[in-house]
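J.: Here is a sequence with its predicted model. Questions after.
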Amino acid sequence: MALTSPVRRAAIVGCGDVSVIHAEAIESIEGIELVAVCDTDPDRLESATIDHGVAGYEDLGEMLAEARPDVVHVTTPHHQHVQATIDCLEAGVNVLQEKPIAHTLAEGQRLVDAAESAKAKVGICFQNRYNVSSEEARRILDSGLLGEIQGAYASVVWTRTADYYRARPWRGTHAESGGGLLINQAIHTLDLVQWLMGEVVAVDGHAATRKFADVIEVEDTAEALFTHASGAQTSFYATLTAPVHRPVEIEIYGDRGVLAIRNGLTLTLADGTVEVFPERQVASAGRTYWGVSHEILIRDFYASLDEPEPFWISPEEAMKPLRMLKTIYDQTHGK
Ligand SMILES: NC(=O)c1ccc[n+]([C@@H]2O[C@H](COP(=O)([O-])OP(=O)(O)OC[C@H]3O[C@@H](n4cnc5c(N)ncnc54)[C@H](O)[C@@H]3O)[C@@H](O)[C@H]2O)c1
């Protein structure tokens, strides 16, 4: 499907693992052209310029001035998100930034404030909101079909190796990542929990490093009970210590039925009716646990450039899961 004209000039800052899926999406969507890449690491930059056949820059300011992109995809480590995004906004360039909004709440708020006065748009990449299961769950909840919502359960039970952290040391540090499993992996599920179940008004949680304590200073396991504005609660468990990747699970219990997200979505009503909504197939460049919806979000972000409203997954919206997980960190460290 073609986007409306004109052709949008795209650039990527941060040519690491996830940039591949952004580049693949840009290259597959008609009406968007990748014009430049930027990375402070000369080796990464060189291989990205060769892979994509575009100009490469070690300096973001130089790329903005010379390549004149319409949109920059910010795919740097967490502590390098906000300054890069603000630099682009100040140059009048739209930004699609990877999650989390920032590695700290203060940095996140700095971006919220900058976005409010910016003329350009900014969206945060919570692509799992575009999964069939998430969209259908949102629609079914809005319809009232489940009756009164009594509560929810969510889990992220995945596997990681010490090499995952050794290959990218920033992922294991408080200073650069801002946390571990919660801020890097489970943040997508925290976002879906608050998006589907409503505003979180209380958090009671704990984080721990169970398996990788000799490699990382951040957590690899966490649990929490979230209380939503409705009074309903979500029990939550997440770990990277499992031997395999289990599918992310979110179950929402109403007095007239149950929604179960596990790959796709299964709706089971009290009268025995069962309806299944299968998930889309996995995109080729991404890892399966990243989900299938990066390209759909990217397409939607570019389409939103023709509209006057802010992109719906805004910095303000992205602060919500960050607040949930930072509260768990504070509780763990007795703050
Ligand atoms: N949405 C998702 O499902 C998903 C999946 C994976 C990663 N991510 C996010 O993507 C981001 C990057 O993760 P990754 O695993 O690709 O990291 P990575 O370490 O593989 O890549 C980051 C790249 O950014 C470069 N970089 C660092 N600082 C820079 C700067 N100031 N300017 C330019 N380049 C800079 C590094 O040299 C590196 O090449 C993180 O925020 C991560 O949470 C999101």
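T.: Yep, it's here.

J.: how close does R68 sit to K119?
T.: 16 Å (CB to CB, to the nearest Å). Using the backbone N, CA and C atoms, a C-beta is placed for each residue, glycine as well.

J.: Neighbour count for the two, which is higher?
T.: A direct count of neighbours by other CB atoms under 10 Å for R68 and K119 places R68 higher, at 13 against 9.

J.: Can you report how many residues neighbour the residue in the stretch 1-150 of the chain that the ligand sits nearest to?
T.: As assessed by CB to the nearest ligand atom, the ligand sits closest to G16 within the stretch 1-150 of the chain, at 1.7 Å. Using other CB under 10 Å, G16 is surrounded by 17 other residues.

J.: what does I296 give?
T.: 18.

J.: quick one: pLDDT of it?
T.: Note on I296: pLDDT of 94.

J.: before we move on, what about the one 3 residues further on?
T.: pLDDT for R299: 96.

J.: how much space between it and S293?
T.: Distance from R299 to S293, counting by CB to CB: 10 Å.

J.: tell me which element the residue of the stretch 1-150 of the chain closest to the ligand is part of?
T.: Secondary structure assigned from DSSP states H and E places G16 in neither a helix nor a strand.

J.: Now do the contacts for it.
T.: 39, 44, 75, 168 (CB atoms under 8 Å, 6 or more residues apart in numbering).

J.: A strand includes V218, no?
T.: No: per DSSP: H, G, I helix; E, B strand; the rest coil, V218 lies outside any strand segment and is coil.

J.: I'd assumed G172 was in contact with it.
T.: Yes: counting by CB atoms under 8 Å, V218 does reach G172; the two are 5.8 Å apart.

J.: thinking again about what came up before, between R299 and S293, which one's more packed in?
T.: S293 (24 against 20).

J.: Up against the ligand, what does this structure have?
T.: Neighbours of the ligand within the chain, by CB under 6 Å from any ligand atom: 13-19, 38-41, 44, 60, 75-78, 80, 84, 98-99, 125, 127, 168, 184, 290.

J.: Helices - which of those land there?
T.: Counted as lying in helices by DSSP state H, out of the residues of the chain next to the ligand, are 19, 44, 60, 84.

J.: Tell me how this protein divides into domains.
T.: 8-127, 128-283+313-332 (automatic domain parsing).

J.: Kindly reformat the ones you listed as a markdown table containing mean pLDDT and distance to L305.
T.: Compiled in a markdown table, these are given as follows (pLDDT from 0 to 100; distance: least, CB to CB, whole Å):
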| stretch | mean pLDDT | distance to L305 |
| --- | --- | --- |
| domain 8-127 | 97 | 6 |
| domain 128-283+313-332 | 97 | 14 |
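
J.: Show me where the stretch 201-335 of the chain has its helices.
T.: 294-304, 315-332 (DSSP state H, counting those that start in this stretch).

J.: outside of the last one, which residues touch it?
T.: Around helix 315-332, the neighbours that count as contacts under CB under 8 Å, 6+ apart are 99-102, 104-105, 108-109, 111-112, 115, 122, 124, 126, 179, 182-183, 186-187, 190-191, 193-194, 199-200, 203-208, 219, 222, 224, 226, 335.

J.: Can you tell me which of these are buried?
T.: Neighbour-count burial (16 or more other CB atoms under 10 Å) is assigned, among these, to 99-102, 104, 108-109, 111-112, 115, 122, 124, 126, 179, 182-183, 186-187, 190-191, 193-194, 200, 203, 205, 207, 219, 222, 224, 226.

J.: from the residues you listed, which ones fall inside strands?
T.: 122, 124, 200, 203, 205, 207, 222, 224, 226 (DSSP state E).

J.: Next, give phi and psi for T159.
T.: phi -120, psi 150 (degrees, to the nearest 10).

J.: Check the one 4 residues further on too.
T.: D163 has phi and psi values of phi -60, psi -30 when expressed as degrees, to the nearest 10.

J.: Distance of it relative to G172?
T.: According to CB to CB, D163 and G172 sit 12 Å apart.

J.: Likewise for S19?
T.: S19 is 20 Å from G172, by CB to CB.

J.: who's more crowded, these two?
T.: Using other CB under 10 Å as the criterion, S19 and G172 rank with S19 on top: 24 against 21.

J.: residues contacting S293?
T.: Neighbouring residues of S293 by CB under 8 Å, 6+ apart: 127-131, 280.

J.: what does D300 give?
T.: By CB under 8 Å, 6+ apart, the residues touching D300 are Y130.

J.: 10 Å instead, please
T.: 123, 127, 129-130, 293, 311-313 (CB atoms under 10 Å, 6 or more residues apart in numbering).

J.: do the same with G123
T.: By CB under 10 Å, 6+ apart, the neighbours of G123 are 71, 94-97, 115, 297-298, 300-302, 304-305, 310-315, 317-318.

J.: and what of V200?
T.: Counting by CB under 10 Å, 6+ apart, V200 makes contact with 190, 193-194, 224, 226-229, 233-234, 320-321, 323-324, 327.

J.: where's it relative to the ligand, distance?
T.: Separation of V200 from the ligand (CB to the nearest ligand atom, to the nearest Å) stands at 21 Å.
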